[in-house]
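S.K.: sequence plus predicted model, see below.
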Amino acid sequence: MKRIFSGIQPSGNLTLGNYLGAIRNWVALQQERSYDCIFCVVDQHAITVPQDPAVLRQATREVAAGMIASGIDPGDCILFNQSQVPEQAMLAWVFNCVARLGWLNRMTQFKERAGKNRDNATVGLYVYPVLMAADILAYKGTHVPVGDDQKQHLELSRDIAQAYNSMFGVDFFPLPEPQILGAATRVMSLRDGTKKMSKSDPSDMSRINMTDDADTIAQKIRRAKTDPEPLPSEVAGLEGRPEVRNLVGVYAALSDQSMDDVLSEFGGKGFGDFKKALSEVAVDVLGPIGAEMKRLSADPGYVDGVLAKGGSRARAIAGPIVAEVYDTVGFLRPNG
Ligand code: TYM
């Protein structure tokens, strides 16, 4: 059986990076109908850094609304928030006792996020990738569509699955495959082409939010950093021009073209025309999604109902898988 699991943190606004690197691909995979799809708003991951409880609740609803507005169909797949399924955290504890410190010490995202003040980072932030492995494997997920920045975490998930299987002499967990798809697997900041576009960047001008209105999108694109040269006519000409490469990649992804196609249209031209075309396509794609998000957010009862139903469907799958793990590791349980 092919089962997709993927997740997104409710820790700020959804960005164009989340959309192009993840959500849009999830919608396409769901529509293929060859996978069983499970999508999760990972609220337990969000608290690895401080969160205001009321804001977290609101962001959880908003991210779920963003997924539904983008085309995730809660009738076709399971959509829920992580904390509704305690089995993922239960499995994470077992995996904490399988994963090695050396493996976690290599995680570049922890180093980036903890920064210089490492001793002050939470233990949760450090073991974050272990919980991520548990998220996927509590469902025996086989495929994980994500943006490029999650690649190293998925390698760790594979190492944990393999280590568990060999520790207990079983062939229980699949080794989940990353699916890093599309022309914009790593959307960069509009202000600095060497930094990932991120919902946690302090500058709102660095990103396009899925709820930005048309004027805001146009303004952010107009002010996006470029350089004085015209656009190149070939992809090779993007070398050493990270901001330009990023905008061309975003345009290609939003308009379903290759970067070559984009450059054959805009090569040799200045950024005025190109930025105008980019704003138009971004508004065409994001405008209706943003409007639907606002509509859904006005009805929190609907979104809460979807997440509750998704949570109980998810538990029905994860429950027996994690019960079998608890039995395998030797935990004595009633009726077990
Ligand atoms: P998160 O919340 O940072 O991002 C959610 C998804 O969006 C992708 N993404 C991007 N893709 C391209 N360019 C960008 N600038 C960009 N920013 C974000 C991410 O790659 C991701 O696919 N650890 C995960 C959440 C998670 C998870 C999981 C994912 C928890 N458990 C299990 C898969 C499976 C995270 O922080 O994603």
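M.R.: On my side now, so go ahead.

S.K.: next, V98: secondary structure please.
M.R.: For V98, the assignment made with DSSP: H, G, I helix; E, B strand; the rest coil gives coil.

S.K.: how near is it to R106?
M.R.: 16 Å (Cβ to Cβ, to the nearest Å). For every residue, glycine as well, the C-beta is placed using N, CA and C.

S.K.: those two: which is more packed in?
M.R.: Per other Cβ atoms under 10 Å, whichever of V98 and R106 has more neighbours is V98, with 20 against 11.

S.K.: how about stretch 249-267: buried residues?
M.R.: When burial is assessed from 16 or more other Cβ atoms under 10 Å, stretch 249-267 yields the following buried residues: 249-255, 257, 259, 262-263, 265-267.

S.K.: wait, does that stretch make contact with the ligand?
M.R.: No: counting by Cβ under 6 Å from any ligand atom, the ligand is not contacted by stretch 249-267; separation bottoms out at 9.5 Å.

S.K.: output that stretch as CSV, nothing but the C-alphas.
M.R.: Once non-C-alpha atoms are left out, stretch 249-267 reads as follows in CSV (Å, rounded to 0.1, in the frame of the first residue of the first chain):
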residue,chain,number,x,y,z
GLY,A,249,11.7,29.6,-10.5
VAL,A,250,8.6,31.0,-8.8
TYR,A,251,7.2,32.3,-12.1
ALA,A,252,7.9,28.9,-13.8
ALA,A,253,6.1,27.0,-10.9
LEU,A,254,3.1,29.4,-10.8
SER,A,255,2.6,29.3,-14.5
ASP,A,256,3.4,25.6,-15.0
GLN,A,257,6.3,26.2,-17.3
SER,A,258,10.0,25.3,-17.3
MET,A,259,12.6,27.9,-16.4
ASP,A,260,13.8,27.6,-20.0
ASP,A,261,10.4,28.6,-21.3
VAL,A,262,10.3,31.5,-18.9
LEU,A,263,13.7,32.7,-20.0
SER,A,264,13.0,32.3,-23.7
GLU,A,265,10.1,34.7,-23.2
PHE,A,266,11.8,37.2,-20.9
GLY,A,267,15.5,36.8,-21.7
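
S.K.: who touches that stretch?
M.R.: Residues from elsewhere that reach stretch 249-267 (Cβ atoms under 8 Å, 6 or more residues apart in numbering): 16, 20, 24, 182-184, 187, 230-235, 237-238, 248, 273-274, 277-278, 281-282, 285.

S.K.: pLDDT score assigned to the residue of the stretch 1-150 of the chain found nearest the ligand?
M.R.: Closest contact between the stretch 1-150 of the chain and the ligand, by Cβ to the nearest ligand atom, is at G21 (1.9 Å). Looking at G21, its pLDDT reads 96.

S.K.: ok, the nearest residue to it once chain neighbours are set aside to K116 distance?
M.R.: Distance criterion Cβ to Cβ, 6 or more residues apart in numbering; nearest residue to G21, sequence neighbours excluded, is G147 at 2.9 Å. As judged by Cβ to Cβ, G147 and K116 stand 26 Å apart.

S.K.: sorry, back to before: for the residue of the stretch 1-150 of the chain closest to the ligand, grab phi and psi.
M.R.: Backbone torsions for G21, taken as degrees, to the nearest 10, come to phi -80, psi -30.

S.K.: and it, how far is that from Q84?
M.R.: From G21 to Q84 the distance is 25 Å (Cβ to Cβ).

S.K.: and the ligand, is the biggest helix by length in the chain touching that?
M.R.: In the chain, with assignment by DSSP state H, the single longest helix is helix 300-329. No: using Cβ under 6 Å from any ligand atom, helix 300-329 stays clear of the ligand, with a minimum separation of 12.8 Å.

S.K.: residues near Q30, how many?
M.R.: Neighbours of Q30 (other Cβ under 10 Å): 19.

S.K.: what's the pLDDT at the nearest residue to it once chain neighbours are set aside?
M.R.: Counting by Cβ to Cβ, 6+ apart, C37 is the residue found nearest to Q30 once chain neighbours are left out, at 4.9 Å. Looking at C37, its pLDDT is 98.

S.K.: try the one 10 residues further on
M.R.: Predicted confidence (pLDDT) at I47: the value is 97.

S.K.: for it, give its distance to A59.
M.R.: I47 is 12 Å from A59, by Cβ to Cβ.

S.K.: next: L175.
M.R.: For L175, the distance to A59 - Cβ to Cβ - is 32 Å.

S.K.: so the two - more neighbours on which side?
M.R.: A59 (22 against 15).

S.K.: with just CA atoms, put the least confident helix or strand in the chain by mean pLDDT into CSV.
M.R.: Scoring the helices and strands of the chain by mean pLDDT, DSSP states H and E places helix 108-114 at the bottom, with a mean of 93. Output of helix 108-114 as CSV, limited to C-alpha atoms (Å, rounded to 0.1, in the frame of the first residue of the first chain):
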residue,chain,number,x,y,z
THR,A,108,21.5,21.5,10.1
GLN,A,109,18.0,22.9,10.7
PHE,A,110,18.5,22.6,14.5
LYS,A,111,21.9,24.4,14.2
GLU,A,112,20.2,27.2,12.2
ARG,A,113,17.2,27.5,14.4
ALA,A,114,19.1,27.3,17.7
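
S.K.: sweet, I'm off.
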